[in-house]
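Colleague: coords please:
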Amino acid sequence: MINRNRLLLITASIVAFATILVYGGWIIFYSKYLISNIKSPTTNIPTSTIIYQNTYPSALQFMQGIYDADHHLAVPASGPRIRGLIVPHHLTASESIASGIKMLTNQTFKKILLITPDHFNSCPTLLCTTPGTYQTFFGNVSPDPAAEKILSASPLVTVDSEMFKQEHGIFAVEPFIVHYFPDISVTPLAISQNKLSWTTDESALLQLIEHMVDSDTIVIVSSDFSHYLPLETANQMDKATIKTLLAKNLNGLASLKNPDQSDCPSCLWTLAALANARSFYHPTIVLHTNSAIILNDKNIPQTTSHFSMVWYEDASLNSR
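Modeller: Numbering: from 1, shown residues only. So this is what the prediction gives:
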């Protein structure tokens, strides 16, 4: 006769196996759906256009992030309009990236300004941009010509197509944008990490961004937060960072520690200053994650933390 403990063990094993089959079946089904939407590079791009070829060998991380966002995040059907986002570019946090982008799906807009830190210290001026077209697993995406014209005319900006060949702050985010919004233009803008005195250009920077951002434009900041710290210390840094952000402390944001608190304090300041000027300083956290939690190893000595955030406009001053 099978004893009680053995019977319980067999039952638990059967339940676990059935769960794996069901969950695995959903993942396989959803992956097939996403794979069916993976697009080959189009051939109708003018030969004079700068093309950035997809640098990722597999669509798996992107598909996993989209799958998780689509199954864990319910987007409100109505409410104040979102005008800005902060999403990570660390692909370990692919669900956070997808979730932030997905939050835009119940509203209409025409353009995105995607702001990233210059990770490789290649930008010779405060800002750099490119007119290039990016190839992604889900289709191609190009910048807005009008925005590029404004940027290229500014003394703060260098048009440097070469540096964007390796800028993962753009590459890691654009596939999620193209998946949810296949016809949207995305203008890349890198903020130099070389220029130690960027705060001397704060007014000019804000004026330039304000000139570019109209009611049809969403500003997305591609930024990770705490870097290279153990989990407990990273959480403490994140707590201080968010306290500064929620308090609308613009000077405090400009003074955040890089890399302890953010890999781009100037990016966060730019969005916050714009939000303050345009009455959409209403940030809400969608997800707060850390690589140690995602990878299920809280003892990793060096972690990266991430926030996915949306910035709502003032519903009393603006209509959807």
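Colleague: strands of this structure, start to end?
Modeller: Read by DSSP state E, the chain holds these strands, from start to end of the chain: 51-52, 82-87, 111-117, 127-129, 133-136, 139-141, 157-159, 185-191, 217-222, 227-229, 283-290, 303-312.
Colleague: hang on, isn't Ser308 packed against Ile86?
Modeller: Yes. Counting by Cβ atoms under 8 Å, Ser308 does reach Ile86; the two are 6.9 Å apart. Backbone N, C-alpha and C define where each C-beta goes, glycine included.
Colleague: ok, those two, which is more surrounded?
Modeller: Looking at Ser308 and Ile86 with other Cβ atoms under 10 Å, you find the greater number of neighbours at Ile86, namely 30 against 26.
Colleague: how about the strands of the chain in TSV, adding distance to Ile242?
Modeller: As requested, those are exported to TSV (distance: least, Cβ to Cβ, whole Å):
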stretch	distance to Ile242
strand 51-52	33
strand 82-87	11
strand 111-117	19
strand 127-129	26
strand 133-136	30
strand 139-141	30
strand 157-159	30
strand 185-191	21
strand 217-222	14
strand 227-229	16
strand 283-290	7
strand 303-312	7
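Colleague: leaving out sequence neighbours, find the closest residue to Thr199.
Modeller: In space, not counting the residues next to it along the chain, Thr199 is nearest to Ala254; the distance is 5.5 Å by Cβ to Cβ, 6 or more residues apart in numbering.
Colleague: pull the number of nearby residues for that neighbour.
Modeller: The burial metric for Ala254, expressed as a neighbour count using other Cβ under 10 Å, is 18.
Colleague: wait, it sits on Glu202?
Modeller: Yes. Distance between Ala254 and Glu202: 7.4 Å, which falls inside the contact criterion (Cβ under 8 Å).
Colleague: got any residues that touch both of the two?
Modeller: Trp269 (Cβ atoms under 8 Å, 6 or more residues apart in numbering).
Colleague: show me the domain layout of the chain.
Modeller: According to the domain assignment given by automatic domain parsing, the chain is divided into the following structural domains: 1-36, 42-312.
Colleague: spatially central residue for the protein, please.
Modeller: Compute the mean C-alpha point of the chain, and by Cα atoms, centre = their mean the closest residue is Val87, 2.9 Å away.
Colleague: how near is the residue lying closest to it once chain neighbours are set aside to Ile66?
Modeller: Using Cβ to Cβ, 6+ apart and skipping residues adjacent in sequence, the residue nearest Val87 is Gly100, 3.9 Å away. Here the criterion is Cβ to Cβ, to the nearest Å. By it, Gly100 lies 12 Å from Ile66.
Colleague: same question, Leu250
Modeller: For Leu250 relative to Ile66 (Cβ to Cβ), the value is 34 Å.
Colleague: quick one, helices of the protein?
Modeller: Using DSSP state H, the helices assigned to the chain run over residues 4-36, 60-72, 94-102, 145-152, 168-171, 174-180, 202-212, 231-246, 250-254, 265-277, 291-294.
Colleague: quick check: which of these is nearest to Thr108?
Modeller: With respect to Thr108, and counting by Cβ to Cβ, the nearest of the helices of the chain is helix 174-180 at 12.8 Å.
Colleague: rewinding a little: what sits against the residue nearest to Thr199?
Modeller: With contacts defined as Cβ under 8 Å, 6+ apart, the neighbours of Ala254 are 199, 202, 265-266, 269.
Colleague: retrieve the pLDDT associated with the nearest residue to Leu231 once chain neighbours are set aside.
Modeller: Distance criterion Cβ to Cβ, 6+ apart; nearest residue to Leu231, sequence neighbours excluded, is Ala292 at 4.4 Å. As predicted, Ala292 sits at a pLDDT of 98.
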